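Peer 1: Everything below, folded, please.
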Amino acid sequence: MSKIRSALSVAGALAALAFAASPASAGTDGQQILFSDDRGDTYSVLISGHNQDGQPVSHCFDTPATDNYLSGWWWKGTVAVTGYARSGCSGELYDFGFTVPANWSSDYYQVWD
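Peer 2: Now for the predicted structure:
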């Protein structure tokens, strides 16, 4: 009887592992953006495009560092960037566009000004 209980315990543990949630894969449905301020004069950016659900979105991010991880917003497809000389997206400097792939090797897709 103890062998049966042991076998059932092992089977139960294996079943629990099989049905456990698997971890999310990085960069499989849009990416967050790593904005690198190579010019050294960009203190905020307005990012406009589509999110991971295909909805049009835009958001202003302050960019106080050379490398700025724009976390919490996921993008894919064609994206527009407008760079600003001051925080809060004022004092427009430039704009450019790029394409964020739906699948990438990490959660961040790097762009430079």
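Peer 1: neighbours around the residue nearest to residue 99 when sequence neighbours are not counted, how many?
Peer 2: Spatial nearest neighbour of residue 99, chain neighbours left out: residue 78 (5.7 Å); criterion: C-beta to C-beta, 6 or more residues apart in numbering. Any C-beta I mention is one placed from the backbone N, CA and C, and that applies to glycine too. By other C-beta atoms under 10 Å, 12 other residues sit near residue 78.
Peer 1: Could you pull up the residues touching residue 78?
Peer 2: Residue 78 makes contact with 49-50, 97-99, according to C-beta atoms under 8 Å, 6 or more residues apart in numbering.
Peer 1: From the residues you listed, keep the buried residues only.
Peer 2: Buried members of the contacts of residue 78, counted by 16 or more other C-beta atoms under 10 Å: 49-50.
Peer 1: tell me the phi and psi of residue 109?
Peer 2: As for residue 109, its main-chain torsions (degrees, to the nearest 10) stand at phi -110, psi 120.
Peer 1: so it touches residue 100, yeah?
Peer 2: Yes. Counting by C-beta atoms under 8 Å, residue 109 touches residue 100, with 5.1 Å between them.
Peer 1: mind listing the helices for the protein?
Peer 2: Taking DSSP state H to define them, one finds helices in the chain at 2-19.
Peer 1: which residues of it score low on pLDDT?
Peer 2: Along the chain, segments meeting pLDDT under 70 span 1-27.
Peer 1: what do you get if the cut-off is 90, keeping everything else the same?
Peer 2: The chain contains residues with pLDDT under 90 at 1-30, 52, 101-104, 106-107.
Peer 1: my guess is residue 30 meets residue 100, correct?
Peer 2: Yes. Counting by C-beta under 8 Å, residue 100 is a contact partner of residue 30 at 6.7 Å.
Peer 1: List the contacts of the spatially most central residue of the chain.
Peer 2: Geometric centre of the chain, nearest residue: residue 32, 2.1 Å, by C-alpha atoms, centre = their mean. Contact analysis of residue 32 by C-beta under 8 Å, 6+ apart lists 69-75, 107-109.
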